[in-house]
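Enquirer: following is a predicted model, sequence given first.
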Amino acid sequence: MQEKYILKNMPIVHVNVWKGFSNEAKKKVIEGITKVFVELGIPKEAVEIVIHEIPMENWGINGEQASEKFKYIKAP
């Protein structure tokens, strides 16, 4: 029964972050998101997470490039 669930109802979560997101931060995101789904009763084997790193100059916030708006902030 569990295998059937994995094949048909596998959640795939896409997470967009700024380029430079540390490997440690990625691990925490993956573990945290997986934990939420497990708490909802979904087997952890069924959870997939894709992290997309986007350059800050390609990310717009409030009419500005994130690279300008947050030039003094470093990604975790």
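Expert: Structure received. Note that the structure is predicted; figures quoted are calculated from it, not measured. Numbers count the residues shown, from 1 in each chain.

Enquirer: enumerate every residue touching Lys26.
Expert: 17, 51 (Cβ atoms under 8 Å, 6 or more residues apart in numbering). In short, each C-beta sits where N, CA and C put it, glycine included.

Enquirer: and Lys27, its phi and psi?
Expert: When read as degrees, to the nearest 10, the backbone of Lys27 gives phi -60, psi -40.

Enquirer: do the same with Lys44
Expert: The phi/psi pair for Lys44 (degrees, to the nearest 10) is phi -60, psi -30.

Enquirer: distance check, it against Ile12.
Expert: Plainly put, Lys44 is 14 Å away from Ile12 if you go by Cβ to Cβ, to the nearest Å.

Enquirer: repeat for Gln65
Expert: Taking Cβ to Cβ, one finds Gln65 at 29 Å from Ile12.

Enquirer: which one's more surrounded, those two?
Expert: Neighbour count, other Cβ atoms under 10 Å: between Gln65 and Ile12, Gln65 has more, with 15 against 9.

Enquirer: so what pairs up with the more buried one in the strands?
Expert: Beta-bridge pairing for Gln65 (DSSP bridges): Gly60.

Enquirer: that one touches Trp59, doesn't it?
Expert: Yes - if you go by Cβ atoms under 8 Å, Gln65 and Trp59 touch, sitting 7.1 Å apart.

Enquirer: same question for stretch 24-44: list its buried residues.
Expert: 26, 29-30, 33-34, 37, 42 (16 or more other Cβ atoms under 10 Å).

Enquirer: ditto for stretch 45-64
Expert: So, applying 16+ other Cβ under 10 Å, buried residues of stretch 45-64: 46-47, 49, 56, 59.

Enquirer: now compare those residues and name the two farthest from each other.
Expert: Taking Cβ to Cβ as the measure, these span a maximum distance of 32.8 Å, between Ala46 and Met56.

Enquirer: and Ala75, what does it touch?
Expert: Counting by Cβ under 8 Å, 6+ apart, Ala75 touches 17-22, 25.

Enquirer: understood, closing this out.
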